[in-house]
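**Q** this one's structure only:
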C-alpha cells in the first residue's frame with residue numbers, strides 16, 4: 001500500500017464534494033445527524049491533526065495533545081469538543097484548516113520508513129493487530145468516503161426539491 005496515495009485520494013474525494021458549495025449548503029443542518037457540511041469538515045479536520053501527531057511522533061517524539069485527547073475521551077465527546085472548537089469559524093476557515101492539517105500530514109509521511117507504516121502494533125490504543133497504514137485506510141480514507149457520501153446524499157435531496 002502507498003500511504004501517500006491513499007491519503008491523497010481521500011483528500012481529493014473531500015474536495016470533490018465540498019468545492020463550490022454555497023454558504024447555505026455549508027451551513028444547513030442534518031447532513032449527518034445534526035451536523036452541517038461545515039461540522040463534518042470540522043470533524044475531519046480534527047482527525048487530520050490527530051494523524052499529524054501520530055505520524056510526527058514516530059519520527060520525532062514529542063507532545064501529542066490532540067492524540068492524547070482523542071485516546072482519553074469517548075468518540076462522541078471528542079467529536080463534540082473538536083467540532084465545537086471550530087463552531088465560530090467560517091466554512092472557508094474550516095476548509096483552510098483541514099487543508100493545512102492534510103499538508104502537515106503529507107509533509108511527515110515521506111519521513112517514515114514504509115516498514116514502520118506497515119508494522120502491526122504501532123498504535124496500541126487502536127489495536128495491536130493493526131498498523132499505521134491500516135489506520136490510515138480505515139480511519140481516514142474510509143471515514144472521508146463515508147462522510148462525503150452523506151454530503152452527496154444531502155446535495156441529491158436538494159436537487160429533488
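**A** Great, that's in hand. On a predicted model such as this, the values are computed, not experimentally measured, just so you know. Residues are numbered from 1 along each chain as shown.

**Q** Please point out which parts of the helix or strand where residue 155 lies sit buried.
**A** For residue 155, the enclosing helix or strand under DSSP states H and E is helix 143-160. Under the neighbour-count criterion of 16 or more other Cβ atoms under 10 Å, helix 143-160 has 143-144, 147-148, 150-151, 154 buried. For every residue, glycine as well, the C-beta is placed using N, CA and C.

**Q** Show me what that helix is packed up against.
**A** In this structure, helix 143-160 packs against helix 3-18, helix 23-27, helix 37-59, with contacts taken as 3 or more Cβ pairs under 8 Å, 6 or more residues apart in numbering; DSSP states H and E.

**Q** Can you add mean pLDDT and distance to residue 158 and give these back as a markdown table?
**A** Supplementary listing: the helices and strands packed on helix 143-160 in a markdown table, determined by pLDDT from 0 to 100; distance: least, Cβ to Cβ, whole Å:
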| stretch | mean pLDDT | distance to residue 158 |
| --- | --- | --- |
| helix 3-18 | 97 | 13 |
| helix 23-27 | 96 | 7 |
| helix 37-59 | 97 | 11 |
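
**Q** In the protein, which residue is most central in space?
**A** Nearest to the mean C-alpha position of the chain, counting by Cα atoms, centre = their mean, stands residue 44 at 3.2 Å.

**Q** hang on, it packs against residue 98?
**A** Yes. Using Cβ atoms under 8 Å as the test, residue 44 is close enough to residue 98 to be in contact (6.2 Å).

**Q** what touches both of these two?
**A** residue 14 (Cβ atoms under 8 Å, 6 or more residues apart in numbering).

**Q** What distance do you get for residue 154 to residue 93?
**A** Note on residue 154: its distance to residue 93, by Cβ to Cβ, to the nearest Å, is 21 Å.

**Q** quick revisit: and which of the buried residues of helix 143-160 is nearest residue 118?
**A** Relative to residue 118, the closest of those is residue 143; by Cβ to Cβ it sits at 20.1 Å.

**Q** Please name the residues that touch the closest one.
**A** Taking Cβ under 8 Å, 6+ apart as the definition of contact, the neighbours of residue 143 are 10, 44, 47.

**Q** From residue 67, how far out is the closest residue in space to residue 62 that isn't next to it in sequence?
**A** Leaving out its chain neighbours, the residue that sits closest to residue 62 by Cβ to Cβ, 6 or more residues apart in numbering is residue 56, at 7.1 Å. Noted for residue 56: a distance of 10 Å to residue 67, by Cβ to Cβ.

**Q** That's all I had, so thanks and see you.
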